[in-house]
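A.B. asks: Below are the sequence and a predicted model; questions follow.
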Amino acid sequence: MGNLQILLFALVLDYVVGDPQKLWRKLPHPAVLMGKMVSLFDAHLNNGSVLKIKGIVSTILLSFSAIFIGWFIKWLPDFNILELISVTILLAHNSLIKHVKDVGDSLNQSLSAGRKAVACIVGRETKDLDESNVSRAAVESAAENFSDAVIAPAFWYIIFGLPGLILYKMTNTADSMVGYRTEKYLQYGFGAAKLDDLLNLIPSRICGILMCIVYRSQHSFGIMIRDAKLHSSPNAGWPESAMAALLNVALSGPRIYNGKLTNDPFLNSAGRHNMTSNDIKKAIMVLNRSWFAFTFFIATLVFFTWIF
């Protein structure tokens, strides 16, 4: 099977089956193994002097490891079965929807339950968030992670096959662990953060544009183009501003990280600021419709490659 055929099957399998939790109770998830590799380099290199250089070296070594693993699996004489399983596991639409839905369901039970659930998917402090800000955090995470969990992995798989997909997931994992602007990781995490920015440059924009196309909303497209650059991330602003416009809500804005209040501007500031769990449901609808559109596009490519 070619990359497009494998990707199509993997997208459908991930949507229908998702992560087999019983399996991961017995075996470590690939993302966990990647995290252990990142932690190993962090423990041995993130000390002393020249931390930026050490961080760049660790990023290079992790990248080569990811590419090697991808090529090894790719060339196993198993009729692409392990490759299909790997791609399915490393796509995460099903898991993303479950985690975001859990925030909405928990918030409907109580504010404290909502805070606890959203803390699992965002890095900001959540203990003092009200209902509106819990909902805002969940919707922002849904938008950004649709790119990270579906569009970007699929994009790099199409371009460079399994080595490209595993390289992306390894980099994304490293960025989520060491790519923080804290005293400990400001220098060491520089390499991982910049490579993650580079690898998400095109997919994040595809993600935002896809959302707008699915809803045939020129208005949302205009807001996305206008507001994406307001985000502190060079990439997250694209899907988040598209989502903000489609739901007619204000996303981003001030939030607290590590005890420090940021002064980030709102995306779609003219939108509704008071958000509820119903907005989380609407965001999930946007993600599912976008997933179906993307999968249909891949299926169309598979059809034409089969015909011609």
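C.D. replies: Arrived safely, thanks for sending.
A.B. asks: use CA for all of it now, contacts and neighbours both
C.D. replies: Will do.
A.B. asks: residues in contact with stretch 15-30?
C.D. replies: By Cα atoms under 8 Å, 6 or more residues apart in numbering, the residues outside stretch 15-30 that reach it are I89, L90, A92, H93, N94, S95.
A.B. asks: Tell me, what's the model's pLDDT at the last one?
C.D. replies: Each residue has a pLDDT score; the one for S95 is 95.
A.B. asks: Chain neighbours aside, what residue packs nearest to it?
C.D. replies: G18 (6.3 Å; Cα to Cα, 6 or more residues apart in numbering).
A.B. asks: ok but that neighbour is inside a strand, no?
C.D. replies: No. With DSSP: H, G, I helix; E, B strand; the rest coil as the criterion, G18 is located in coil rather than a strand.
A.B. asks: okay, now it: neighbour count?
C.D. replies: G18 has 19 neighbouring residues, counting by other Cα atoms under 10 Å.
A.B. asks: Please report phi then psi for it.
C.D. replies: Taking degrees, to the nearest 10, you get phi 70, psi -160 for the backbone angles of G18.
A.B. asks: And L261, by the same measure?
C.D. replies: Per degrees, to the nearest 10, the backbone of L261 is at phi -80, psi 130.
A.B. asks: Not including adjacent chain positions, what is the nearest residue to it?
C.D. replies: R255 (5.6 Å).
A.B. asks: tell me the contacts of that neighbour?
C.D. replies: Residues in contact with R255 (Cα under 8 Å, 6+ apart) are R124, E125, L261, T262, N263, D264.
A.B. asks: Check these for burial and list the buried ones.
C.D. replies: Buried members of the contacts of R255, counted by 16 or more other Cα atoms under 10 Å: R124, E125.
A.B. asks: can you give me the strands for the protein?
C.D. replies: 251-252, 256-257, 260-261, 266-267 (DSSP state E).
A.B. asks: deepest of those, which one?
C.D. replies: Highest mean neighbour count of the strands of the chain: strand 251-252, a mean of 26 (counted as mean count of other Cα atoms under 10 Å).
A.B. asks: buried set for stretch 294-308?
C.D. replies: Under 16+ other Cα under 10 Å, the buried positions of stretch 294-308 are F294, T295, I298, A299, V302.
A.B. asks: Dump those residues into JSON lines; add pLDDT and distance to L23 as well.
C.D. replies: Formatted as JSON lines, those follow (pLDDT from 0 to 100; distance: Cα to Cα, whole Å):
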{"residue": "F294", "pLDDT": "98", "distance to L23": "28"}
{"residue": "T295", "pLDDT": "98", "distance to L23": "26"}
{"residue": "I298", "pLDDT": "98", "distance to L23": "29"}
{"residue": "A299", "pLDDT": "97", "distance to L23": "29"}
{"residue": "V302", "pLDDT": "96", "distance to L23": "31"}
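A.B. asks: Dump those to a markdown table, plus distance to V134.
C.D. replies: Formatted as a markdown table, these follow (distance: Cα to Cα, whole Å):
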| residue | distance to V134 |
| --- | --- |
| F294 | 28 |
| T295 | 30 |
| I298 | 34 |
| A299 | 36 |
| V302 | 40 |
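A.B. asks: circling back to that earlier point, including mean pLDDT, could the strands of the chain go into JSON lines?
C.D. replies: Formatted as JSON lines, the strands of the chain follow (pLDDT from 0 to 100):
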{"stretch": "strand 251-252", "mean pLDDT": "96"}
{"stretch": "strand 256-257", "mean pLDDT": "85"}
{"stretch": "strand 260-261", "mean pLDDT": "84"}
{"stretch": "strand 266-267", "mean pLDDT": "97"}
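A.B. asks: Using CSV, please lay out those strands together with distance to K184.
C.D. replies: Shown next, in CSV, are these (distance: least, Cα to Cα, whole Å):
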stretch, distance to K184
strand 251-252, 25
strand 256-257, 14
strand 260-261, 16
strand 266-267, 28
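A.B. asks: closest to R226 out of these?
C.D. replies: Nearest of those to R226, taken as Cα to Cα: strand 266-267 at 9.1 Å.
A.B. asks: chain center to that closest one: distance?
C.D. replies: In terms of Cα atoms, centre = their mean, to the nearest Å, the centre of strand 266-267 is found 20 Å from the chain centre.
A.B. asks: what helices or strands is it leaning on?
C.D. replies: helix 237-247, strand 251-252 (3 or more Cα pairs under 8 Å, 6 or more residues apart in numbering; DSSP states H and E).
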